[in-house]
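[1] Would you be able to build a 3D model of this:
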Amino acid sequence: MKGGCLHRLLVNKLCFVLVVLLAVPIVVLLLEGAPVLTIFNTTPEQLKVFSQGFLQQQEQEHLGHDLSPLAGRLGPASRSHTKKSRTKQKQDCNYAKGKWVEDEKRPLYSGNECKQWLSKMWACRMMRRADFSYENFRWQPHDCDMSEFTGPNFLERMKHKTLAFVGDSLGRQQFQSMMCIATGGKYSPEVEDVGWEYGLVKAPGALRPDGWAYRFPATNTTILFYWSASLSELEPLNTENSVTSYALHLDRPVTFLKKYLNRFDVLVLNTGHHWNRGKFNGNHWELYADGKAVGKGRLADLNRAKKSYTA
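    This next block holds a predicted model:
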């Protein structure tokens, strides 16, 4: 008898628990405003759709932003999320890491035609060099794409802006190559010489000016170069002697930069080739910092000199 009562009690409790388990989801659905009857009357086809949506959600949670294999199966909202993820990936691209790849659209100009800007000593097409395969390569970053570079596109992006190259002969070659790219290597009489705006005029007795500056009127884009082998301020130690040594101030940028830096939107610097004892002795340079000679003004340790300059 006691066993029967106990059995009925357990059955009643079990039924109560089942009722509660069934009732709780219905209450929750009602509180959330869900159409309960619609859910309970779901057809097999609708259940199939719900199952696919659930699986897609699970795949998203496990795969994160890497949804390219699922792109063909995702709905509009998911595809939008994928597009945003790819955009973010492109924005986070490290353009410094990549490799050179062959491109049939290169070179961007002809060395035979771009005589207006190329110095004769660097016009390789005008010499006897036979191998020009290197001209057919472009830079390809890892895991992201770069928009195709063209002269007109570059000038439009640099509208009302100034690009300045400051450095030694390497910077001068970069400047001349950029002028060839911007003009497509074609003769461009419309380009204006504005070197006078930056004091880039040929001094009496000089072979050439300290640099060049040109402006493209259609986009008001200025491209210039200034020669500075050390990027540092040079100061004559004896103004009364024409054959004097010069203080190379490691802690002072070249005067041209101090004067015109605020006019530049993009600045490309290079130095290095002239940082050796032979060049220092030939140019009569002596190292200075804080207004005083460093190491008796001599280049005893190139690495220390570069670190001091960087600092």
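[2] Domains in this protein, by residue range?
    95-223, 228-311 (automatic domain parsing).
[3] which stretches of the stretch 1-150 of the chain aren't confidently modelled?
    Within the stretch 1-150 of the chain, the segments meeting pLDDT under 70 span 1-91.
[4] Can you lay out the domains of the chain as a markdown table showing mean neighbour count?
    Placement of C-beta: from N, CA and C, glycine included. As requested, the domains of the chain are exported to a markdown table (neighbours: other Cβ atoms under 10 Å):
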| stretch | mean neighbour count |
| --- | --- |
| domain 95-223 | 15 |
| domain 228-311 | 15 |
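[5] worst average pLDDT in these?
    Sorting the domains of the chain by mean pLDDT places domain 228-311 lowest, at a mean of 86.
[6] got the contact list for residue 109?
    180, 181, 183, 184, 185 (Cβ atoms under 8 Å, 6 or more residues apart in numbering).
[7] host element of the last one?
    Assigning secondary structure by DSSP states H and E places residue 185 outside every helix and strand.
[8] Nearest spatial neighbour of it, chain-adjacent residues omitted?
    residue 109 (3.1 Å; Cβ to Cβ, 6 or more residues apart in numbering).
[9] ok, now the fourth one?
    In this structure, residue 184 finds its nearest non-sequential neighbour in residue 151, 5.3 Å apart by Cβ to Cβ, 6+ apart.
[10] ok, the closest residue to residue 179 other than its chain neighbours - contacts?
    Nearest non-adjacent residue to residue 179, counting by Cβ to Cβ, 6+ apart: residue 117, 4.0 Å away. Shown in contact with residue 117 (Cβ under 8 Å, 6+ apart): 176, 179, 180, 183.
[11] Tabulate those residues (JSON lines), appending distance to residue 278 and secondary structure.
    Shown next, in JSON lines, are the contacts of residue 117 (distance: Cβ to Cβ, whole Å; DSSP: H, G, I helix; E, B strand; the rest coil):
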{"residue": "176", "distance to residue 278": "26", "secondary structure": "helix"}
{"residue": "179", "distance to residue 278": "31", "secondary structure": "helix"}
{"residue": "180", "distance to residue 278": "32", "secondary structure": "helix"}
{"residue": "183", "distance to residue 278": "37", "secondary structure": "helix"}
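[12] Just give me the closest of those residues to residue 249.
    Within the contacts of residue 117, distances to residue 249 taken as Cβ to Cβ reach their minimum at residue 176, with 29.0 Å.
[13] Next, work out how far apart the nearest residue to that closest one once chain neighbours are set aside and residue 174 are.
    In space, and not counting its chain neighbours, residue 176 is closest to residue 117: 5.0 Å by Cβ to Cβ, 6+ apart. Counting by Cβ to Cβ, to the nearest Å, the separation of residue 117 from residue 174 is 12 Å.
[14] Residue 281 too?
    Distance from residue 281 to residue 174, by Cβ to Cβ: 28 Å.
[15] Likewise for residue 195?
    Counting by Cβ to Cβ, the gap from residue 195 to residue 174 is 17 Å.
[16] How about residue 120?
    18 Å.
[17] Which residue ranges of the stretch 151-300 of the chain form strands?
    With strands called from DSSP state E, counting those that start in this stretch, the stretch 151-300 of the chain shows them at 162-167, 192-193, 211-216, 221-227, 232-236, 246-253, 266-269, 285-289, 292-293.
[18] Can you tell me which of the ones you listed is nearest to residue 139?
    Proximity to residue 139 (Cβ to Cβ) singles out strand 266-269 among the strands of the stretch 151-300 of the chain, at 15.4 Å.
[19] Could you pull up the residues touching residue 221?
    Here residue 221 is in contact with 155, 158, 159, 160, 161, 162, 163, 182, 215 (Cβ under 8 Å, 6+ apart).
[20] Perfect, I'm done here.
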